[in-house]
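In: dropping the sequence and predicted coords here.
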Amino acid sequence: MKEPIKICELSVGDCAAVYHLQNAGTMRRRLQDLGLIENTVVECIGKSPGGGLGAYLIRGAVIAVRDEDGNHILVTPLEKDG
């Protein structure tokens, strides 16, 4: 099993499973409401050109996450098929 990394460290096309949310309070609850719970598979589908924002496919919905929040979302990278 690979070591957990921050979600914002994923490259476009990478998939990972949510490992742990280090966020607290209302931000943690909001992320959970969006589907970021343990073992949920996420795919990085885009990064903003200037940095600071990533787009992730989570349970069929595209969610934008700022890097400052993504620094507190740990994911375990999944092996690529092929």
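Out: Everything's here; your move.

In: which one's the longest helix in the chain?
Out: The helix that spans the most residues within the chain, counting by DSSP state H, is helix 25-33.

In: packing partners for that helix?
Out: Applying 3 or more CB pairs under 8 Å, 6 or more residues apart in numbering; DSSP states H and E, we find helix 25-33 packed against strand 15-21. No exception for glycine: its C-beta is placed from N, CA and C like everyone else's.

In: so for stretch 73-81, mean pLDDT?
Out: Mean pLDDT, stretch 73-81: 90.

In: where exactly do the helices run in this structure?
Out: Secondary structure of the chain (DSSP H): helices located at 25-33, 67-70.

In: winner for burial among the ones you listed?
Out: The highest average neighbour count among the helices of the chain, using mean count of other CB atoms under 10 Å, belongs to helix 67-70 at a mean of 17.

In: how about the helices of the chain in CSV, adding mean pLDDT and distance to residue 76?
Out: Output for these, formatted as CSV (pLDDT from 0 to 100; distance: least, CB to CB, whole Å):
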stretch, mean pLDDT, distance to residue 76
helix 25-33, 93, 17
helix 67-70, 93, 15
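
In: let's have those in TSV, adding distance to residue 49.
Out: Shown next, in TSV, are the helices of the chain (distance: least, CB to CB, whole Å):
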stretch	distance to residue 49
helix 25-33	24
helix 67-70	14
